[in-house]
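Trainee: Sequence isn't available, so here's the structure alone:
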């Protein structure tokens, strides 16, 4: 009986320690007043004090997080397996956070014409036409913007980068904003979807279509 009580006491003492090790926090850096959903459930709005939102005491595992403000949404696939994981929003980034994130391009298959035989190239399956800035269109100004997209295996954008500017901020901004709404089938590597980098260019010119994706 004494041994049983001792064992029970030891179990009760260790249980909180084990549970604590299986939970962590998710820090999302973003602008204030962004709605944050965790696995489709509304969590809270981001704020200045937390530089976004700190989601505390979540069990280790995979989470789908949605950031929403106005008509713009951003999705993050997160696997929590440490006491703290940090993510920087791309669509709702604060000025001081631009260029910061925990993404390593070395983890992504490069965009190259020399694709190994075991890799199937990514495909664009849905293209959103950027808005042609009226002021530039009226002046018959043309431009080319080259964009780089980091796409994860779940077909979610992790980063969109301006590779080559058109020389006109209006063109560049329009191309990047529209880029978040394009849809791709990621590269297939060894029979599975893989993280990959995709480069493409947007041509702004005054024709019937206005925008051409190449």
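Mentor: Received it, and whenever you're ready, just let me know what you need. This one's a predicted model, so the numbers in the text were calculated from it and none came from an experiment.

Trainee: for residue 198, what are its contacts?
Mentor: With contact taken as C-beta atoms under 8 Å, 6 or more residues apart in numbering, residue 198 is in contact with 111, 122, 124, 148-149, 151, 184. C-betas here are computed from N, CA, C, even on glycine.

Trainee: from those, which is closest to residue 28?
Mentor: Nearest to residue 28 out of the contacts of residue 198 is residue 151 (C-beta to C-beta; 20.0 Å).

Trainee: one step back: which of the contacts of residue 198 are buried?
Mentor: Neighbour counting over the contacts of residue 198 (16 or more other C-beta atoms under 10 Å) leaves 111, 122, 148-149, 151, 184 as the buried ones.

Trainee: Tell me which entries of the contacts of residue 198 lie within strands.
Mentor: Applying DSSP state E to the contacts of residue 198, the entries found in strands are 124, 148-149, 151, 184.

Trainee: which one of these is nearest residue 27?
Mentor: residue 151 (23.4 Å).

Trainee: ok, back up a step: mind picking the two most distant members of the ones in strands among the contacts of residue 198?
Mentor: So, the ones in strands among the contacts of residue 198 by C-beta to C-beta: farthest apart are 124 and 148, at 13.9 Å.

Trainee: quick one: secondary structure of residue 178?
Mentor: Secondary structure, DSSP: H, G, I helix; E, B strand; the rest coil: residue 178 is helix.

Trainee: What separation do you get for it and residue 167?
Mentor: The gap separating residue 178 from residue 167 is 18 Å, by C-beta to C-beta, to the nearest Å.

Trainee: what bits of the chain have low per-residue confidence?
Mentor: Low-confidence segments of the chain (pLDDT under 70): 1-21, 98-121, 153-158, 186, 206-214.

Trainee: end to end, how far does stretch 173-184 reach?
Mentor: This stretch, stretch 173-184, spans 21 Å end to end (C-alpha to C-alpha, to the nearest Å).

Trainee: Make residue 1 into 52 and carry on from there
Mentor: All right, first residue 52 from here; so that's stretch 224-235.
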